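Asker: Sharing a model that was predicted from the sequence below.
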Amino acid sequence: MRILLVKLRHIGDSLLLTPTVKAVQDAYPDAQIDVVVRAGTESILKGCPSIHKIYTTASPEKSKRSGASFLNDLRLLAAIRGEKYDLAVEMGNNDRGRTIVGLSGAKKRCANTHVYQIAWPWKWLMTHLGSSEWSIIHRAQADFLNVKDFLELPQQEPGPLIFERSATTAPPFPLAPGKPLVIFHPGTRWQRKRWNENHWISLGTALIAQNHQIVISVGPDPEEIALGQRLVQAIGPGCISTEGKTQWNHLAWLLYQARLFVGVDTAAMHLAAATGTPTVALFGPDSDARNWSPWKTPHRLIHFNSDEASTLPEVMAAAAGFLAPRPLNS
């Protein structure tokens, strides 16, 4: 069986697809499972061995698209049609994804029509329409139900997110030996999701005083890099920044070594879940934890509002709980 899953969203959304891919492989071990995601999001899927092939289409950011995007999509459709898929499922709930599925040539072309009604011509291009209610549940569950509507899966819910340790690579900088590692991820393109910068400094200073090592994970955006540099300078020795130079396989390697991840609602938070890293997840005023909380990893959710005085004591207490000495096995 040849199966195509199409999810054209942001980076974290791509990673949330991995439990469903694994569930399909477990149910159909001889199946070829391919995915289509937005350009720039594909590398976070490199740790999921159940995926046979990754196709990419236009970037989620319109500013990164060009006139060549249309031609690239035509080439993509030609490649997909050449595979002669048995099943194609649209999971990103957008018209570009529906177009790819609808024109894929797959024998069974599927999309969900419960939350967002599908208009003509996309409805006409589909052979099957799903009716699962996914708007009020976690997005990892939503992906699973969107496929389970069209494919018999014995599991009742998806497993954990996947980025296997064997796919990780050590980052291009050393760590201090013998010190427990804590990863901070303070940056996000959405300012409303950011926690107070002074709180990060206070938390980092306290953890350094307790002999922890801190790595501040930041993306390649210059503003995020500058944020990481300010935090390193304020927190002091024992704290370093990735300077936007690490890839997802590097961050996954760090997370597998870490005792704790503290971060805002981003793809890095979901990668921490994929590595099983205990997580303190900071959710801003419009981040919906029902949909986006860390999936199947030990975690503590901390909700904050942009105008509140401080959630720092709550975050410090949550971090201390995860970093407390582990009891020896009797």
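Answerer: Good, I have the coordinates. Numbering: from 1, shown residues only.
Asker: pLDDT averaged over the lengthiest strand in the chain - what is it?
Answerer: In the chain, assigned by DSSP state E, the strand with the most residues is strand 32-38. Mean per-residue pLDDT for strand 32-38: 97.
Asker: Please apply the same query to stretch 250-257.
Answerer: On average, stretch 250-257 scores 98.
Asker: what's the answer for stretch 302-309, then?
Answerer: Mean predicted confidence for stretch 302-309 is 77.
Asker: After the lowest-mean-pLDDT helix or strand in the chain, which helix or strand is next? Please name it.
Answerer: Among the helices and strands of the chain, helix 68-83 carries the lowest confidence by mean pLDDT, DSSP states H and E, at a mean of 89. The first helix or strand that comes after helix 68-83 along the chain, using DSSP states H and E, is strand 87-90.
Asker: quick one: average confidence on the next helix or strand after that next one?
Answerer: Following strand 87-90 in sequence order, the next helix or strand is helix 95-102 (DSSP H and E). When pLDDT is averaged over helix 95-102, the result is 94.
Asker: Just the CA atoms of helix 95-102, as PDB, please.
Answerer: The C-alpha trace of helix 95-102 is given here as PDB (Å, rounded to 0.1, in the frame of the first residue of the first chain):
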ATOM      1  CA  ASP A  95      -6.900  24.800   0.100                       C
ATOM      2  CA  ARG A  96      -3.300  24.300  -1.100                       C
ATOM      3  CA  GLY A  97      -3.200  20.900   0.700                       C
ATOM      4  CA  ARG A  98      -6.600  20.000  -0.600                       C
ATOM      5  CA  THR A  99      -5.500  20.800  -4.200                       C
ATOM      6  CA  ILE A 100      -2.500  18.500  -3.800                       C
ATOM      7  CA  VAL A 101      -4.600  15.600  -2.500                       C
ATOM      8  CA  GLY A 102      -7.400  16.300  -5.000                       C
END
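Asker: Give the other helices and strands that that helix contacts.
Answerer: strand 2-6, helix 68-83, strand 87-90, strand 108-112, helix 122-125 (3 or more C-beta pairs under 8 Å, 6 or more residues apart in numbering; DSSP states H and E). To be clear about C-beta, it is placed using only N, CA and C from the backbone, and glycine gets the same treatment.
Asker: Need the winner for burial among those.
Answerer: Neighbour counts (mean count of other C-beta atoms under 10 Å) averaged over each of the helices and strands packed on helix 95-102 peak at strand 87-90, with a mean of 28.
Asker: centre of the chain versus that one, how much separation?
Answerer: In terms of C-alpha atoms, centre = their mean, to the nearest Å, the centre of strand 87-90 is set 21 Å apart from its chain centre.
Asker: what does stretch 273-292 give?
Answerer: The answer for stretch 273-292 is 10 Å, by C-alpha atoms, centre = their mean.
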